[in-house]
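Q: What follows is a predicted structure for the sequence shown.
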Amino acid sequence: MPADSKRMRAVNALVDRTRVYEPAEAIALVKQAATAKFDETVELHLRTGLDGRHADQQIRGSVLMPHGLGRAMRVAVFAEGEAATAAVRAGADEVGGDDLIAKIAGGAPLNYDVILAQRDLMVKVGRLGRILGPKGLMPNPRANTVLEAPDLPRAIAEAKAGRVEFRLDRTNLVHCPIGKASFPPEHLLENMTRLLGAIVQSKPSGAKGEYIRAVTLTSTMGPGVPLAVAPTLALGAQSD
């Protein structure tokens, strides 16, 4: 049997499929199962009771992780004039106006984790919706990625520090990284708590029935660990 298959059988056996786990217990289990030869990303997945086909059942926002994500975040900014100069000074990896719009429209690789936009340029940037939207990179006011020029340096700094965007996908799920498997368990728990707090607060007005139906924690190459929904959401309710 190949070594990878043996590894997967071993880590899958760590998870008891007849039960759900408390948040701290799930984090410890995910860290134990993260046995790949690289530092795996730990991800939180939520199955909602929303129907994203309705505008009043959409969720989208962003949250600054207290302990970052454990990797360098590449940030692009649509900006011109003094705003562009300020964005470069703030550490943005790529800054541009019409030139950056044309580059992306022409099929350039989207090697960015976050894209911000000066509000004045959104009329032009909006043309890139079909390209950036499916990648989750389209600037949006609800995700705090469309800003007035003076706010761009702060937003760049936060993106670099680990500001995470969350949104409902086409299958009514929410997927977000919360850090690396090498993080101390308390850091992963604090990041998860902050993310859950933002998602709980973003419950849309049109939500009916159960808002969050299932929560799963996993690492890049590890098995999914099902969390007990009530105590997990209670973490978010306590988040500041």
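A: Sure, I can see it.
Q: Name the spans of this protein whose pLDDT lies under the cut-off.
A: For the chain, the stretches with pLDDT under 70 are 1-4, 239-240.
Q: let's see 90
A: 1-17, 36, 135-136, 142-143, 208, 233-240 (pLDDT under 90).
Q: quick one, strands of it?
A: In the chain, the strands defined using DSSP state E lie at 41-48, 60-64, 75-78, 94-96, 114-118, 146-147, 163-167, 173-180, 212-219, 225-227.
Q: so which of those gets nearest residue 106?
A: Closest to residue 106 of the strands of the chain is strand 94-96 (C-beta to C-beta; 12.6 Å). In short, each C-beta sits where N, CA and C put it, glycine included.
Q: Which strands or helices does that closest one pack on?
A: strand 75-78, helix 81-89 (3 or more C-beta pairs under 8 Å, 6 or more residues apart in numbering; DSSP states H and E).
Q: Make CSV from these and add distance to residue 42 to it.
A: Below are those laid out as CSV (distance: least, C-beta to C-beta, whole Å):
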stretch, distance to residue 42
strand 75-78, 22
helix 81-89, 30
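Q: who does the helix ranked longest in the chain touch, helix- and strand-wise?
A: Ranked by number of residues, the top helix in the chain under DSSP state H is helix 185-201. For helix 185-201, the elements it packs on are helix 23-33, strand 41-48, strand 60-64, strand 163-167, strand 173-180, helix 229-238, judged by 3+ C-beta pairs under 8 Å, 6+ apart.
Q: Please convert those to TSV, extending it with distance to residue 8.
A: Output for those, formatted as TSV (distance: least, C-beta to C-beta, whole Å):
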stretch	distance to residue 8
helix 23-33	10
strand 41-48	17
strand 60-64	32
strand 163-167	28
strand 173-180	20
helix 229-238	26
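Q: Which parts of the chain belong to which domain?
A: Using automatic domain parsing, the domains assigned to the chain come out as 19-68+164-238, 75-161.
Q: hang on, the earlier thing: just say which of the helices and strands packed on strand 94-96 is most tucked in.
A: strand 75-78 (a mean of 28; mean count of other C-beta atoms under 10 Å).
Q: neighbouring contacts of that strand?
A: For strand 75-78, the external contacting residues (C-beta atoms under 8 Å, 6 or more residues apart in numbering) are 84, 87, 91-97, 100-101, 112-118, 121, 124-125, 139, 152, 156, 159-160.
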